[in-house]
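In: Let me see the structure of the following:
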Amino acid sequence: MNHKELTKHYAEWIDNLILEYADRHRVSWQPIDSYIQCNGHFITFSYNRYAISRRKSASNECSTTRLSPEFFNVDCVYKRVCRSLLGRRYFNKRDLQPLMIAAADVNGTRFNPRPESMDNVHIHSFWLLPTGQDHALKVELERAKLDPDMDFRDIHSERATGLTQTSNEPSRLASYMTKFVGTNAIDMRLADDLLIYPFRIVDGRSHTE
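Out: Residues are numbered from 1 along each chain as shown. Just a heads-up that it's a prediction; the model follows:
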C-alpha cells in the first residue's frame with residue numbers, strides 16, 4: 001500500500017468517527033450534516049519553535065508523558081475543555097466528552113507529502129462538541145493562547161467546512177488533516193502523528209484518565 005492509499009484510508013476512518021459521534025449526539029430530527037456544521041470546529045495549533053525545542057530537550061532528560069510536547073499541549077487543552085464542561089471527574093462521563101481528532105503536519109506537505117525537512121511541526125484538529133457547548137471551547141482556547149507554559153505561537157479556530165463525502169472519496173477536511181499522517185506511517189519521522197479523544201475503553205479503563 002502506498003502513501004496515497006494509506007492517507008485515503010486514514011481520512012475515511014476519520015470521516016466515519018465524525019459521522020458516528022454526530023449521529024449519537026444529534027437530536028433525531030436534525031440532519032447529521034447540520035449537526036456537524038453547527039458544532040464542528042477546525043483548529044490549528046502552531047508552536048513557538050524555540051520554546052517547544054527547550055521543552056523537547058527537557059522531556060528527553062525526564063519524561064513524564066508518552067506524548068510529544070506538541071501533542072501534550074493539545075492534550076492539556078482538551079482536558080481543560082472537559083473539566084469546564086463536565087467537572088473534575090469528566091473521565092467518568094466519557095459519552096459526554098467532545099470528539100477531538102488531532103493530526104500532525106509539517107511545512108510543505110500541501111505540495112510534497114514527504115518534504116525533505118521537518119520544519120514547523122503543527123497540529124490540525126477537528127473538534128465536535130454537543131450542542132450549546134461552544135463557549136467553553138472558546139474560553140479555553142483564549143486561556144491557552146495566553147498561557148506561557150503552553151508554547152503556542154498561534155491557535156487558529158474556524159467553523160469546520162469541507163466535510164462532504166462522495167461515494168469514492170473522503171471529505172476534503174479529513175484528507176487535509178491526514179496528508180502527512182499517511183506518509184509518516186510508511187516512513188516514520190515523527191513518533192506521534194495522530195491523537196483521538198475520547199480514547200476507547202480498554203479493560204474497563206479510559207485512557208484519558
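
In: tell me the pLDDT at the spatially most central residue of the chain?
Out: Nearest to the geometric centre of the chain sits A102, at 1.8 Å (C-alpha atoms, centre = their mean). Looking at A102, its pLDDT stands at 97.

In: For it, list the residues it contacts.
Out: By C-beta atoms under 8 Å, 6 or more residues apart in numbering, the residues touching A102 are 45, 71, 74, 123-125, 194-196. (Glycine included, C-beta is placed from N, CA and C.)

In: next one: I32
Out: Each residue near I32 by C-beta under 8 Å, 6+ apart is listed here: 19, 22-23, 26.

In: Which parts of the helix of greatest length in the chain count as buried, going by neighbours?
Out: Longest helix in the chain by number of residues, with DSSP state H as the criterion: helix 3-25. By 16 or more other C-beta atoms under 10 Å, the buried positions in helix 3-25 come out as 3, 6-8, 10-15, 17-19, 21-22, 25.

In: Stretch 24-35 now?
Out: For stretch 24-35, the neighbour count (16+ other C-beta under 10 Å) marks 25-26, 35 as buried.

In: Repeat that for stretch 84-96.
Out: 84-86, 90-91, 94.

In: any idea which of the buried residues of stretch 24-35 is the one closest to I52?
Out: H25 (33.6 Å; C-beta to C-beta).

In: Using the three-state scheme, assign the residue nearest to that closest one when sequence neighbours are not counted.
Out: Once flanking residues are discounted, H25 sits nearest to P130: 5.3 Å by C-beta to C-beta, 6 or more residues apart in numbering. Classification of P130 using DSSP: H, G, I helix; E, B strand; the rest coil returns coil.

In: repeat for S84
Out: Here S84 is recorded as helix under three-state DSSP.

In: In contact with the nearest residue to it once chain neighbours are set aside, which residues are there?
Out: Counting by C-beta to C-beta, 6+ apart, the nearest residue to S84 once its immediate chain neighbours are dropped is A136, at 4.3 Å. Counting by C-beta under 8 Å, 6+ apart, A136 makes contact with 81, 84-85, 129.

In: Which one of those residues is nearest to D187?
Out: Looking at the contacts of A136 and their distance to D187, the nearest is V81, at 33.4 Å (C-beta to C-beta).

In: tell me what the strand or helix carrying the closest one is packed against?
Out: Here V81 sits within helix 69-86, counting by DSSP states H and E. Here helix 69-86 is seen to pack against strand 40-47, helix 49-61, strand 99-105, strand 122-128, helix 134-146, strand 194-197 when contacts are counted using 3 or more C-beta pairs under 8 Å, 6 or more residues apart in numbering; DSSP states H and E.

In: I'd like to know how far the residue lying farthest from the centre of the chain sits from D23.
Out: For the chain, the largest distance from the centre (C-alpha atoms, centre = their mean) belongs to W29, which lies 28.2 Å off. Look at W29 and D23: by C-beta to C-beta, to the nearest Å, they are 13 Å apart.

In: now do D151
Out: 36 Å.

In: just F152 next, same as before
Out: 32 Å.

In: Was I right to think H25 contacts G40?
Out: No. Shown here, H25 and G40 do not form a contact pair, counting by C-beta atoms under 8 Å, at 11.5 Å.

In: Neighbours of D151, how many?
Out: Neighbours of D151 under the rule other C-beta atoms under 10 Å: 23.
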